[in-house]
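Engineer: Got a predicted structure here, sequence first:
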Amino acid sequence: MIRVGVAGLGTALVVALAVAVYTSVHATRALTGPLRRTAWTLGRLTAGDHAARVEVTGPEEIRAVARSVNVLADESDRLRAVEEERHRLSTAARETGIRIRDRLEVDYVLDAACDGIGEVLHADYVFLLLAENGGSEFPVVRVWSAERGLLPDEERRRIPTLPADVVRDHYRRGTAWLVTDLPEYVSDTRRMPGAPGSFGTTGMPAENRAAAAALGLNSAVIIPIGVGEEPIGAVSVARTSADRPWRPVEVEIAESMAGGVGRALHTALLYEKESGLVDKLRALDKAKSDFLSTVSHELRTPLTSIVGYIELLKDEDTGPLSPSQLRMLDVVDRNANRLRALIEDLLTLSRIESGVFTSQKAPVDLRRLVASAVDAIKPAAEAASVTLEMRCPEQSLVLQADGEQLDRVLMNLLSNAVKFTRGGGKVSVRAGARDGEAVLSVSDTGIGIPAAEQEKLFQRFFRASNATEMAIPGTGLGLTIVHTIVANHGGRTEVSSEEGRGTTITAWLPLTGTDGGAGSA
C-alpha cells in the first residue's frame with residue numbers, strides 16, 4: 001500500500017511538473033512573440049519605413065507598449081508632414097522674395113507681393129496697405145483675389161482703411177494677429193480691450209465689418225510691415241472657408257514673407273524718392289547750364305564792342321591821349337580781357353555739361369604752341385615780377401589735336417601759375433616725349449595747394465582754401481577745363497603740390513601714330 005501511494009505521488013509530481021513547464025513555455029511564447037514583432041517594427045521605423053506599425057496583441061502590458069510605439073510613429077509622421085510643408089512653403093516664399101526684389105519699383109513690388117503671397121499660401125484674398133499722410137492712415141493699395149487676380153482700383157477703393165493705432169501697436173510689439181472666425185468676430189461690437197487679435201479698445205470699425213462680410217471672409221492673418229521704428233503698411237491674407245483654417249506653419253511663413261515685402265517696399269520707396277530728387281537736381285542743373293550759356297552769349301556781344309572801342313581809342317587816328325588816359329585804357333583793356341576769358345570758360349563749361357564739347361583734331365606741333373603761350377603770358381609775368389622759363393626739345397612734338405583747345409590748356413596753366421606765384425618766384429613750362437606720349441608740365445614756386453584738397457582740384461568751381469583766404473581772384477573753372485580738354489584728347493592730367501612751396505601740373509598726350517586719329521568727345 002505504501003509503495004502504491006509513493007508511486008501515485010511520484011506520478012502526480014511528474015504531471016504537475018509537466019503542466020508547469022508547458023504553462024511557462026506558453027507564457028514565454030505569448031510574451032516573446034509580440035516583443036519580437038515590436039522590436040522588428042521599431043527596426044523598420046528606424047530604417048525609414050514610416051508606414052510600419054506594431055500589431056496590438058498579447059498581454060495588456062505588451063499591447064500598451066505597442067500602442068505607444070504606434071502613437072509615436074503617428075506623431076513622427078505628423079511632424080514630418082509639417083516639416084515638409086514648411087520646407088515647401090519656405091522654398092516657394094524664397095522664390096517669391098527673389099522675384100519681388102527683382103525691380104526697384106513700388107508698383108512692381110506691390111503687384112508681385114500680392115501674387116506671390118496669395119499663390120504660396122493658397123489664400124482667397126490678399127490685402128496690401130501702405131501708409132499715407134505721414135503714416136496717419138493705412139489705406140488699401142492692392143487687393144488680390146484667387147479667382148480674379150488683382151482687383152480693379154474702383155473695387156479696391158471700397159475697402160476701408162485699417163486703424164493706424166492698431167497697426168502701430170502690433171508693429172511695435174512685433175506681432176501679427178489672427179482672427180479665426182470672422183463672421184462671429186465682425187458681429188461682435190462689444191468693447192474688447194486687450195483681447196487677442198482685437199482691433200483696439202472699440203472692436204472692429206463698422207466699415208471694416210461690412211467689407212469683411214461682403215467678401216465672405218472667414219479667417220484672416222494681419223501682419224504690420226516696415227523698417228525701423230514706424231510701420232509703413234500691413235499685409236493681410238484671408239480665406240473664405242471654415243474648412244481651411246490658418247495653420248501655425250502658414251502663419252509663420254506669412255510673417256516671414258511679409259517681413260521681406262516690408263524691406264523690399266522700404267528700399268523701393270527710398271529709391272523712388274531718390275530718383276525724384278535726382279530728376280529735380282538734373283532739371284536744376286540743366287536750367288543752370290542753359291542760363292550760363294544764354295548769359296555768356298549775351299555778355300560776349302557787348303564785351304566785344306567794348307574791346308573794339310578800346311582799340312579805336314588807342315588808335316592815333318582818334319586823336320592823341322595823355323599818358324594817364326592810356327594807362328586807364330590799359331586797365332580797362334586788361335579787365336575786359338579777363339572778363340572775356342571768364343565768359344569763354346563759362347561757355348566751355350556749358351558745352352562740356354551739355355555733352356556737345358568736341359575736339360576738331362589735326363596735326364599740331366606742341367613746341368610752337370608752348371612758345372606762343374609763353375610769349376602771350378610774358379607781360380603778365382613781368383608785371384608780377386615772376387621769372388618765366390621754357391624748356392622744349394629741338395625736334396618737333398607733333399600731336400593729333402585741336403590746336404585752339406591745347407592753347408587754352410597752356411594759357412590756363414600759365415596764367416594760374418603766374419597768378420599764384422609771389423614776386424621773385426619762378427614759373428617753368430616744359431615739353432618733351434616719353435614712351436610714345438608728349439609730356440607737358442607747368443611748375444611754379446607759388447602758394448601750393450593743401451594736401452587734403454588736391455583730389456578736388458579738377459572739380460568745377462573748386463578753389464583751394466589758401467587762395468580764398470588770400471583773396472586771389474578766380475572762378476575755379478580753369479583746371480576743370482584743362483582736365484576735360486586733356487581727357488578729350490585721350491590723355492591724363494596729374495597734380496603734384498606742396499603748400500607754401502609750389503605746384504606742378506602735368507599732362508600726358510598721345511603723339512601722332514599712337515592716337516586713333518581725329519575724333520571728338
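Structural biologist: The structure has been received and is ready for your questions.
Engineer: Strands of the stretch 301-450 of the chain, residue ranges please.
Structural biologist: Applying DSSP state E, counting those that start in this stretch to the stretch 301-450 of the chain gives strands spanning 362-365, 387-391, 398-401, 426-434, 437-444.
Engineer: Minimum distance to residue 77: which of these has it?
Structural biologist: strand 437-444 (78.0 Å; Cβ to Cβ). C-betas here are computed from N, CA, C, even on glycine.
Engineer: Could you export the helix or strand just after that closest one as PDB, CA atoms only?
Structural biologist: Counting by DSSP states H and E, the next helix or strand C-terminal to strand 437-444 is helix 465-469. This file holds the C-alpha atoms of helix 465-469, laid out as PDB (Å, rounded to 0.1, in the frame of the first residue of the first chain):
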ATOM      1  CA  SER A 465      41.300 127.400 -49.100                       C
ATOM      2  CA  ASN A 466      44.600 129.300 -49.000                       C
ATOM      3  CA  ALA A 467      43.800 131.000 -52.300                       C
ATOM      4  CA  THR A 468      40.400 132.100 -50.900                       C
ATOM      5  CA  GLU A 469      41.900 133.300 -47.700                       C
END
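Engineer: Dump the strands of the stretch 301-450 of the chain to CSV, plus mean neighbour count, distance to residue 122 and mean pLDDT.
Structural biologist: Compiled in CSV, the strands of the stretch 301-450 of the chain are given as follows (neighbours: other Cβ atoms under 10 Å; distance: least, Cβ to Cβ, whole Å; pLDDT from 0 to 100):
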stretch, mean neighbour count, distance to residue 122, mean pLDDT
strand 362-365, 15, 73, 90
strand 387-391, 14, 83, 91
strand 398-401, 23, 70, 88
strand 426-434, 18, 73, 92
strand 437-444, 22, 69, 92
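Engineer: got those strands as CSV, with distance to residue 57 columns?
Structural biologist: Below are those laid out as CSV (distance: least, Cβ to Cβ, whole Å):
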stretch, distance to residue 57
strand 362-365, 107
strand 387-391, 112
strand 398-401, 102
strand 426-434, 100
strand 437-444, 98
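Engineer: out of these, nearest to residue 70?
Structural biologist: Nearest to residue 70, of all those, is strand 437-444, at 87.5 Å by Cβ to Cβ.
Engineer: So in that sheet, which strands flank the closest one, and in what orientation?
Structural biologist: Applying DSSP bridges to the sheet, strand 437-444 is found paired with strand 426-434 (antiparallel), strand 502-510 (antiparallel).
Engineer: Just give me how far the helix ranked longest in the chain sits from the chain centre.
Structural biologist: Counting by DSSP state H, the longest helix found in the chain is helix 248-314. Helix 248-314 has its C-alpha centroid displaced from the chain centroid by 18 Å (Cα atoms, centre = their mean, to the nearest Å).
Engineer: go on, stretch 128-144?
Structural biologist: The chain centroid and the centroid of stretch 128-144 are separated by 24 Å under Cα atoms, centre = their mean.
Engineer: With stretch 127-141 instead?
Structural biologist: On the basis of Cα atoms, centre = their mean, stretch 127-141 sits 24 Å off its chain's mean C-alpha point.
Engineer: Any buried residues in that stretch, and which?
Structural biologist: Neighbour-count burial for stretch 127-141, counted by 16 or more other Cβ atoms under 10 Å, picks out 127, 128, 129, 130, 131, 135, 138, 139, 140, 141.
Engineer: Could you do stretch 206-223 as well?
Structural biologist: Those would be 208, 209, 211, 212, 215, 217, 218, 219, 220, 221, 222, 223, for stretch 206-223 by 16+ other Cβ under 10 Å.
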